[in-house]
Structures are given as C-alpha cells and as structure tokens.
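Undergrad: next come a sequence and a model predicted from it.
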Amino acid sequence: MIKLNETPVRTSRNFNINNIKLENVDIPDKVQDFDNLEILGKNSKLTIQENVSDFDLEYGLGDILTNHVKEKSNKKIRLIIDNKNNEELYLNFKFDNNNLQLIDNIEIIANEDTKSTIIIKYESDKQINAFHNGIINLIAKSNSQIDIILVNLLNNTSNNFISIQNKLDNNSKVRYTLVDFGGKNSITNYYSNLIGECSENILNTIYLGKDNQLFDLNYIVNLRGKKSNVDIEVQGALKDNAKKHFKGTIDFKKGCKKSKGNENESCMLLSDTAKSLALPMLLCSEEDVEGNHSTSSGKAGEKELFYIMSRGFELKEALKLMVKAKFNKILENIKNEELKNKIIDEIDLRLD
Amino acid sequence: MKKTNLEEVNRNIYDIKNEDKYDYKIKKGLTLTIVDEISRQKNDPDWMREFRIKALEVYNKLELPTWGPDISELNMDEIATYVRPKTKLNTSWEDVPEDIKNTFDKLGIPEAEKTSLAGVGAQYDSEVVYHSIKEDLIKQGVIYTDMETAVREYPDLVKEHFMKCVPIYDHKFAALHGAVWSGGSFVYVPKGVKVDIPLQSYFRLNSPESGQFEHTLIIVDEGASLHFIEGCSAPKYNKVNLHAGCVELYVKENAYLRYSTIENWSKNMLNLNTKKAIVEKNAKMEWVTGSFGSKISMLYPMSILNGQGAKTEYTGISFAGKGQNLDNGFKVIHNSPNTSSVVNAKSISKNGGKCTYRSLVKINENAKNSKCSVSCESLMLDDISISDTIPVNDIQNDEVEFSHEAKIGKISDKAIFYLMSRGLSQEDALAMIVRGFAYPISKELPLEYAVEMNNLINLELEGAIG
C-alpha cells in the first residue's frame, strides 16, 4: 500500500481525506524506454531540450513517486519560451504495447514578456495496462502569459500520477486547463506559488469518471505577492462506482494584501453508487483579502432533463448533452479545434 | 489611516476568583487508583465503576489528535480531575455557601431563574451545587436533575443512553470523560410534553490546575419539545485548566430540541468538549453556539439524522482574540431519506487570534432526497490574526441537493463609505457592520445572552479604518 497526496493541513483521520491510500499499484522498478512522443509546433520560437536533468519539486504526491521521477525518469524535457506570438507547442504521448511506462519530467520556463500555449496529452490504446508518473515544473517570469492544456485520455485500467508545480513572478498570468478522464487511479497534485505582485493563476478542470475509477485531486495555491489572484473552477461528472476526492486549498500568506481567491467545485452524480468527497480549504493569515469557495453535488436537474427529453432525446443522450454543457465553458479554453473535438467525442464514448 | 479596534471580551465578571476551598480534591494525575477513588468518592454503582475503568483503558490506548491546534502543553499529571466543593446539592439559593452564591449572583443566574427560566442547574468545580425545576413541569413528568441523582434514581434510563451516543472509543477525550466524569445535568421530557420556557445549566470551574468533566444527558421523547441553555465560565489562572465535558442528546420521533451554548471559559482553558445528538423520524435538533473564551477550543457538535425526515440546524459564532486558538465547527451525518441540514457559521479573528471552522457533512447512500446547505463567513480584523476554513463534504448518493459556500475577508471599505454617506459616523458605521455580521447568531440567542454578546462585540474606534 502506498500513501499519497497529503493535504497541507490535516483534519480528522476519520474523514478519510488527509491523503489517499492505494493498494495493488505496481510502481515499475525497471523502466522501459518511451519512444512514442509526437511533438507538434517545433518550428516555433521554443527551445526544446531533451534529456536535461534538473529536478526541483517542493510538494508533489509524496516521496515514493517523487523519487521515482528523480531516479527513473525516461523522458526529460525542458521547454524555454522566448516567443511573444502565442505559438502553440503540442506534446502528444501515446501509450501502446511497446510504450507502457512513462516517467516524465517536464520543465517549462516562460521568459519575461512572452506568450505561449503548451498542450500536453496522454492517451493510450484500449487493451493495455499503462503506467504514468510525471512532473511538470513551470517558472513563469515577469509579464509572461502561458496557457497550459493537460489532457489525460488514458484507458480505465492504467495508472496516472502527476505532480504540477508553478512559480509565478510579477504580472505573470498562468492558466491551466486540466482534462482528467482516464486511469483506474488518476492522482493529481497541483502546487502553485504566486510570488510576484499582480500574478494570476487560473485553474480549470473537468473530470469524468466511470466504472471503478478513482480521482484524487489535491490543488494547493499559495498567494504571496500583493494583488495576486487565483481562480479555481472544477466541473465533474461521475457514473457507475466512480469516486472523486477534491482537495482544494487557497492559502492567503502574510503580505498578499489585496489578493483575491475563488474556488468552485461542482460534481454531477450520474448513479447512486458514485461518491463525491470534497475538502475546499481557505487558509488566511492576511487581513486585506477576499476569499470565496463553494462546492455542490447532486444529480442532473430534472427540469433540464425533462426539457431535453421532450425534444426527442433519449435519457442517455440527454445526460450526455447535460455533461457536455457543464464542461463547455472550460472546453472553450481549448482553441485547438481538433483536440477539442477529440475530447467531446471522448465524453460521448465514456458515457455510452 | 488607523485600524479598526474591536474591544475584546470584558472578562471582569468572569474573572472573579474565589479562594480555592473544597471539601475534597483528588491528587493530580490519571491512574487506575485515581479513577477508582473518584468512583468511591462518588459512591458509584458497580456498573459505573467498571465503566470508568474500561474508559481509562481505552484512554491509555488512544492517541492524541494528529490534527488541529497543538495541545501538547496538556499534562494530565498536572490536572486534578475531581474537586468536590464545600457544599451539598441544594434546592434553595439560601443554602448555597456565600462565596459560591455570590459568584452565580454576579453571573446573573438566580435573576435569570426568576425571570425567564423553567429550571436551573449550577455546577461549581466537579459537583452540582444547586438544582431547581418549576412545579408544573414535575407534574407533567419532566425530570431535570443532576447526573449523579439520575444514575441513582433512574438507572435503567441512564444505562440505556449513557455514552451510547458518544462512545468512549470516539476519541481520546471522550474516553477521558468516561473515566473521570462528574456532575452535569439529566433531562427527560415525556411524550408530547412541550417545555415552553428554557431550562439552563451553568458550569463554573473555580479551582486552579483542575478539570471539569460534566455529563449532560437529555432525552426528549416522542412529540415533546425543549429549549436547553448551557453556560460556562472560569477565572483565569497561570496554569492550564481542562474542560472535557460530554453532551448526549436523544431527540425522538417528532420531537424538538434547541441546545444553546454560551462558552466563555478563561484564556488558560483547554476546551476539548464533545457534543452529539441522535435525531429520529421527523424530529428537529437546533444548535446555537457562541464561543468566546478558552485558550484552545476543539468543539464540533454533531447531529446524526437517523430517522426519515429528521432535520438539524447549526448556528454558531466564534470570536478569537489575543492568544486564542478556537477550532470549532459542526458535523452532520445524514443516515435516512428526506433528511435536511442547514449550517450557518461565522467567525471573527482579531489581535493575533486564530479561528478555524472545521466540519463534516456526510450524506450516506440510503439518505435519498436529502438536502444540506452550508454557509460559512469569516471576518479578519487585523493582519496578525488567522482564519481558516476546513470543511469536508462526503456525498454518497445522487439524490441529494448539497451546497457549501464560504467567504473570508475584512470589513468592506465600500460598505463603510456607503453608511457614512448616509450620515453615520465612521465608528457607528463599523459598529453597525460588525453587529450586522453577528446578527444572524445573536437573534437566535436568549435575550440576556444576545445583550451580553452585543456588549462583548463593542466597537472602540480610533479614527478611520485602514
């Protein structure tokens, strides 16, 4: 059994949310090569360095998985962004029978006054048992703007572990769009430090669970710089016996005067055996700030369903429409139409 | 610009110290011999003596909480767990020793009894020194007495309910309570009886380096109703005092219980209290809580909604000033269909104080068509204080309506500006906003407590806010 993804502040052990305990997860000791990486947009003014070895992670999922990346990484990539024209770089990792294990360490440095979009997608063939353990470490320098789209479309028998760490300097703007659909276990740690004044972090997540999938999302954002701003929006749907733990922490550190933090999590339950556990935390050591959080859970609205079905849709199709409508605002972040359509198709497929 | 300056709680009344006179004080520490001696001193029946010893075994096995405030300064070897005052249980204030009577006089208890209560219990250190109930309630079969009398005179009723709602395995301090409990109140309201005027128990801890472990057991039978008020205070000493009381409430089918608490322990007190209610079919349980005192408080009243259509409401405010760490909140378990809960929690932190709202909402698989709404607001009055919100929401079926909202922040400059543009002085504007913030709670309190709370939240303003 491994214990992962500790919250920054503990609460009663009986509430079963301080961490996640997983059994029967085989963390590979001997890691094979991973060659099925497609990089699109190489011609942009992005420097791509492969096989770099820097490692710096403050928080992460826990020592076992962090050290695993540190010692066994089979894909090391450093992206240095110097362009101002928002050219897109697309890293497409495809798991198949010859590429079953990916231990990736991706470092992204967004230099001053730059603008960029990075898409990272993990997908797998249906009948394999893949293992992914990765780290994304972003440094957003002053006045940089970066849009990161991270898409997990692994199958439901694989394991997906990811640790994200961000450091934001003055006036930097970082937006993450996380699409989290795959994995028997999909465990995410997101740790963001808004150090600079007027820095801004937007985090939008959609998750979709079915069968016995487990999602454990541990998002921690520390507001340190004056007038820094975070906005977390998480929309999800669970069917069958799927289970989700959402742990979202906005921590107003001393000195972050006039900062704002908002967090909203909403879970649509599509079966009476799906489970939703949420811990939206606000920690505050500064007076002149504004913090809000809200969470909600429940089934699809009966009136809305009735309306859609009265237009000739079957229940299953009506539910699909409602889930897509719920996700739509976040999907609008994705400007790459091909990817967006792929994700919409995947919603249909997973809800069939 | 100057800061808002909110007066901290005026403790003059509560800090009156009487000489530490007692009839018997057990030696400090927590051992089998000490627990056995408490049982002997209290003339327990055998079952209770065995229960205490079992609870001590459990206490020794359980670990301290791995979360929440640091309570490592608590050293049970320095706490006397039983202090018997120099008086018996009285039914007339005239018979209560002068110094003890004076204390309760200053706290306004006999006066409140005359004007607005149907019964009063007053505990001093480890024993209840005064108990009364109006004659007409006795005629209707209402029982309101101290716990020791209840153990002797209503053994079956007590055995059936005592530490069944809060089992000794719940946590370390529930086990401690089981081992050394003393005093507290027992209430039984028979089927269909409506007690229109509140009953009140007041708990006063005078003795330094000691603990208070009163047990409150209330059974409101089918279709009956009751409002019970609990007050507590202690003078301040340099060393730690401990309060580990236990409140068990049974709200039977179609019954109604409101349990109001004003907690004003001294700032050397560790308040590690446990309160739980089991709510049956179509019954309603309401908690109203004001938490002002204590150095450290860990208090999370809990409603277990076991019956179909059971309802609960929690309305609470915490006010943490210098040196205080108030870790309070609410827990609710929905165990049956059509249950509902409403939570409205507020906190004010100032002068380096820390308020934490910690909670659990659990809606189990069978609790179809249940509803829960949680609202939580925190006000920071300076930049050296801390305010945290740590709510856990565990939803296990799809036929629910659940929502949770929390806000944190300072007094809005715009709101001050608006009120001043309507002709209010800045001081009055601030006072109005803070009182308005606390109003949803104060309006639920009995009148004398609402007045007291408004006095506690008395704004002293020096110029403008900054």
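TA: Yep, it's here.

Undergrad: and the residue in the stretch 201-350 of chain A that chain B sits nearest to, what's its pLDDT?
TA: The minimum distance from the stretch 201-350 of chain A to chain B, using CB to the nearest CB, falls at residue A:269 (3.5 Å). The C-beta positions use only the backbone N, C-alpha and C, and glycine is treated the same way. With respect to pLDDT, residue A:269 has a value of 95.

Undergrad: run through the helices of the stretch 51-200 of chain A in chain order.
TA: Assigned by DSSP state H, counting those that start in this stretch, the helices in the stretch 51-200 of chain A fall at A:63-72.

Undergrad: where does the prediction get shaky in it?
TA: Where the stretch 51-200 of chain A drops to pLDDT under 70, the residues are A:53.

Undergrad: SS state for the nearest residue to residue B:164 once chain neighbours are set aside?
TA: Spatial nearest neighbour of residue B:164, excluding adjacent residues (CB to CB, 6 or more residues apart in numbering or on different chains): residue B:248 at 7.4 Å. The three-state label given to residue B:248 by DSSP: H, G, I helix; E, B strand; the rest coil is strand.

Undergrad: for residue B:248, give its distance to chain A.
TA: The gap separating residue B:248 from chain A is 19 Å, by CB to the nearest CB, to the nearest Å.

Undergrad: just give the closest residue to the residue of the stretch 201-350 of chain A closest to chain B, not the sequence neighbours.
TA: Nearest non-adjacent residue to residue A:269 (CB to CB, 6+ apart): residue B:398, at 3.5 Å.

Undergrad: give me the number of residues near the one you found?
TA: 23 (other CB atoms under 10 Å in any protein chain shown).

Undergrad: partners of residue A:190 in the sheet?
TA: residue A:164, residue A:219 (DSSP bridges).

Undergrad: which residues touch residue B:176?
TA: B:30, B:55, B:59, B:76, B:213, B:244 (CB atoms under 8 Å, 6 or more residues apart in numbering or on different chains).

Undergrad: let's see 6 Å
TA: Contacts here follow CB atoms under 6 Å, 6 or more residues apart in numbering or on different chains; on that basis residue B:176 touches B:59, B:244.

Undergrad: you'd agree it is in a helix?
TA: Yes: assignment of residue B:176 by three-state DSSP places it within a helix.

Undergrad: measure it to residue A:76 for me?
TA: Distance, residue B:176 to residue A:76, by CB to CB, to the nearest Å: 54 Å.

Undergrad: and residue B:347, by the same measure?
TA: From residue B:347 over to residue A:76 the distance is 47 Å, taken as CB to CB.

Undergrad: again with residue A:320
TA: In terms of CB to CB, residue A:320 sits 39 Å off from residue A:76.

Undergrad: neighbour count winner among residue B:347 and residue A:76?
TA: When residue B:347 and residue A:76 are compared on other CB under 10 Å, the one with more neighbours turns out to be residue B:347, at 28 against 19.

Undergrad: was I right about residue B:293 contacting residue B:261?
TA: No: with contact defined as CB atoms under 6 Å, residue B:293 does not count as touching residue B:261 (11.3 Å).

Undergrad: name the nearest residue to residue A:22, sequence neighbours excluded.
TA: Once flanking residues are discounted, residue A:22 sits nearest to residue A:2: 5.4 Å by CB to CB, 6+ apart.

Undergrad: coming back round to it: quick one: which of residue B:293 and residue B:261 has more around it?
TA: Higher neighbour count among residue B:293 and residue B:261: residue B:293, with 26 against 23, using other CB under 10 Å.

Undergrad: so the more buried one sits in a helix?
TA: No: under the criterion used here (three-state DSSP), residue B:293 is coil, not part of a helix.

Undergrad: okay, it and chain A: tell me how far apart.
TA: From residue B:293 to chain A the distance is 23 Å (CB to the nearest CB).

Undergrad: can I assume residue B:218 sits in a strand?
TA: Yes: according to three-state DSSP, residue B:218 belongs to a strand.

Undergrad: need the contact list for it.
TA: With contacts defined as CB under 6 Å, 6+ apart, residue B:218 is in contact with B:187, B:249.

Undergrad: how about the residues of chain A by chain B?
TA: Residues of chain A found near chain B, taking CB under 6 Å from any CB of the partner chain as the criterion, are A:10-11, A:15, A:17, A:269, A:272, A:275-279, A:281-288, A:290-299.

Undergrad: ok, what's across the strand from residue 298?
TA: Unless you meant another one, I'm taking chain A. residue A:268, residue B:401.

Undergrad: the intended chain is chain B.
TA: Taking DSSP bridges as the rule, residue B:298 bridges to residue B:327.
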